[in-house]
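1. Fold the following and give me the result.
(chains A, B, C and D)
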There are 2 protein chains.
Amino acid sequence: MSDVARLAGVSIKTVSRVVNDEPAVHPKTAERVLAAIEQLGFRRNLGARNLRRGSTGTIGLIVEDVGNPFYSELNRAVERIATAHDRHVLTGSCGEDTERERELVYEFSSRRVDGMLVVPAGDRHGYLLPEMRAGTPMVFVDRPPGDIVADTVLVDNFGGTVQAVRHLARHGHRRIAFLGDRPDVFTATERLRGFREGCLQAGLRYDERLAVLRTPTLESVTDVVNRLLRGPKRATAVIAGNNRVAVHLLRALAHVTPRPAVVGFDDFELADLLNVTVIAHDVGRLGEAAAELLFGRIHGDDSAPRKVVLPVHLAPRGSGEVAP
Amino acid sequence: MSDVARLAGVSIKTVSRVVNDEPAVHPKTAERVLAAIEQLGFRRNLGARNLRRGSTGTIGLIVEDVGNPFYSELNRAVERIATAHDRHVLTGSCGEDTERERELVYEFSSRRVDGMLVVPAGDRHGYLLPEMRAGTPMVFVDRPPGDIVADTVLVDNFGGTVQAVRHLARHGHRRIAFLGDRPDVFTATERLRGFREGCLQAGLRYDERLAVLRTPTLESVTDVVNRLLRGPKRATAVIAGNNRVAVHLLRALAHVTPRPAVVGFDDFELADLLNVTVIAHDVGRLGEAAAELLFGRIHGDDSAPRKVVLPVHLAPRGSGEVAP
DNA sequence: ATGAAAGCGCTAACAG
DNA sequence: CTGTTAGCGCTTTCAT
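-> Coordinates of the predicted model:
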């Protein structure tokens, strides 16, 4: 910047004024400065600016995996809102690893992001209190934080799964299996709760052997399929606890007959062509709602922590409407 | 930091030493400093540090859309390599908008990212030369830059499409349609080139009315399907120029009989279950190769610009193996 | 309309 | 093993 000032024959402060579109600078001078900037290929150092100003113009987004379509859609929505607020997004994947989540939070905190959106892993988040008190707003997305109260945007996990069970029961199923993510993932246990409640409401005996929570991989899901969805005492329907489970389940079921009825939680691309009935919700809205809430906080809203629960709806596409 | 120093009764420099794990600090002193840090909830300001040191510990990634599964997988791979090099990733979507791409480049440049990975839009990238000369390494991913020579990592678009045509011809198809992205997208024209060459090699007359390049939306693709893939003079096979085209094509074809043979370029999730034959390549490797190349540059490798072309392979799954 | 000086929070370079 | 000084590149404050 001092180079530009020298070349334009003005003070460094004038260059700063031009770069920041501040008024009260003579057009002729501005022109000279602009020319010098162009000639030198000057680009102002935002790091230095932020050091002086405080805000960095960035927000952090911590998810399980930016490559998972669910989170990438969330990422896109957050980016959209951030751009509208003239901010940039620093992303990080923690892969359900609470230690990695912590590292990312501290890292982003050190980078002085203006706020953070977190899909929390695990159930202990007391460590975030100091960061929040220090003035970094945090909004939790898709899952609530473990042991603190803070802004959270969720979808109706419980209600959605109750609905799924009811739907299957209405089509005549009495033995329904539930296959969810690890039990330390909030949405998994919440949907399992919905599953039990759904069984209860439908007058089905809840059989805990039919409910399995574990990390979804093709192997683990195939294993469960072989145990619960084949043979004479098999379940005739199955609920996939999230989009990962659903994808693996479809592969595992490819050559299984008779094919059980399937309802998935979370919509996913091409589910329509595969005729997969799902409990759908709008991931874009989830991200937007959370980001807007965060920017509200960044802009000074200090009302009580809010909890937003977005609706879900059942999208019948065939797989959930077959008889036992 | 000065607060910590005061509380611990040491100089600010000692705190800096502790925070940076520099040797030559008495364990007892370090302990006192650590305690003070804990008590104050101190988190060092990386912005200030970077101002002094030069490197910011970030790289920029500019793609068309972080929500597109293709790019999110790329994003994940880049993040993996960045993490291994102890860096963080700043992402931005430009949606094929050259102006937005420029803004993002300038923005990231102002933020002094240590390097940038760019999936370039359009065909004019001379504006990047000053940035590159100023010392920001750039690596182009999936497409080459327009009018400059620089590190680029691509997949074999041409060869892959030649292979697709050959495959369809071998199964008896003589009228093959090609449906690609906008003509200003490098991969689209490159794959179109492969399509022509493939027709030539297979002894088919290249009929330009069967090759359509435009923004893939369900509407545009449906329109083309109705024009080219129905009626007595219809094409009996179609090549989808990328994953977006393929997805829309599958929907558009859902109720079309007789169903044409389909080969897609780019693999995508669930393509296997939908029996879609594709020209597959490893997006993860694409991202990793590009990121590794970038970090090579960041670490001082100033050899001649490299061009890496990753292989593709045909994955036959049914849709490409049907007779006319 | 412009500029000089101070300082944001940190680290490099040099003492001690 | 520890501290002092200067300065990274910018903006703020106050003069002119």
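2. What parts of the stretch 51-200 of chain A come near DNA strand C?
-> A:51, A:52 (CB under 7 Å from any atom of the strand). All C-beta spots, glycine's among them, are computed from the backbone N, C-alpha and C.
3. The stretch 51-200 of chain A: strands as residue ranges?
-> For the stretch 51-200 of chain A, the strands defined by DSSP state E, counting those that start in this stretch occupy A:58-63, A:88-93, A:116-118, A:138-141, A:152-155, A:176-180.
4. Those strands: which one's closest to residue A:251?
-> Residue A:251 lies closest to strand A:176-180 among the strands of the stretch 51-200 of chain A, at 13.1 Å (CB to CB).
5. Give me the mean pLDDT for that closest one.
-> In this model, strand A:176-180 carries a mean pLDDT of 98.
6. what helices or strands is that strand leaning on?
-> With contacts taken as 3 or more CB pairs under 8 Å, 6 or more residues apart in numbering or on different chains; DSSP states H and E, strand A:176-180 sits against helix A:157-170, helix A:186-201, strand A:211-213, helix A:218-228, strand A:237-240, helix A:243-253.
7. what do you get if the cut-off is 6 Å, keeping everything else the same?
-> helix A:186-201, strand A:211-213, strand A:237-240 (3 or more CB pairs under 6 Å, 6 or more residues apart in numbering or on different chains; DSSP states H and E).
8. quick check: angle from that strand to helix A:243-253?
-> If you take axes from the mean of the first three to the mean of the last three CA atoms, to 10 degrees, strand A:176-180 sits at 120 degrees to helix A:243-253.
9. how distant is strand A:176-180 from the center of its chain?
-> Offset of strand A:176-180 from its chain centre (CA atoms, centre = their mean, to the nearest Å): 23 Å.
10. and if you look at stretch A:43-61?
-> The answer for stretch A:43-61 is 25 Å, by CA atoms, centre = their mean.
11. Could you do stretch A:37-56 as well?
-> 32 Å.
12. Would you mind giving the strands of the stretch 51-200 of chain A as JSON lines with mean neighbour count added?
-> Formatted as JSON lines, these follow (neighbours: other CB atoms under 10 Å in any protein chain shown):
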{"stretch": "strand A:58-63", "mean neighbour count": "26"}
{"stretch": "strand A:88-93", "mean neighbour count": "24"}
{"stretch": "strand A:116-118", "mean neighbour count": "27"}
{"stretch": "strand A:138-141", "mean neighbour count": "26"}
{"stretch": "strand A:152-155", "mean neighbour count": "24"}
{"stretch": "strand A:176-180", "mean neighbour count": "27"}
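13. Tell me, how many residues neighbour residue A:291?
-> Residues lying near residue A:291 (other CB atoms under 10 Å in any protein chain shown) number 28.
14. And the next helix or strand past the helix or strand where it lies?
-> If you go by DSSP states H and E, residue A:291 is part of helix A:283-298. Next along the chain after helix A:283-298, taking DSSP H and E as the criterion, comes strand A:307-310.
15. Tell me the strands beside that following strand, with direction?
-> Here strand A:307-310 has these sheet partners by DSSP bridges: strand A:152-155 (parallel).
16. and the partner strand, average pLDDT?
-> pLDDT averaged over strand A:152-155 gives 98.
17. again with stretch A:44-62
-> Stretch A:44-62 comes out at a mean pLDDT of 93.
18. isn't residue A:222 right up against residue A:253?
-> No. Residue A:222 is beyond contact range of residue A:253, at 9.2 Å (criterion: CB atoms under 6 Å).
19. okay, these two: which has more neighbours?
-> The neighbour comparison of residue A:222 against residue A:253 (other CB under 10 Å) goes to residue A:253, with 19 against 16.
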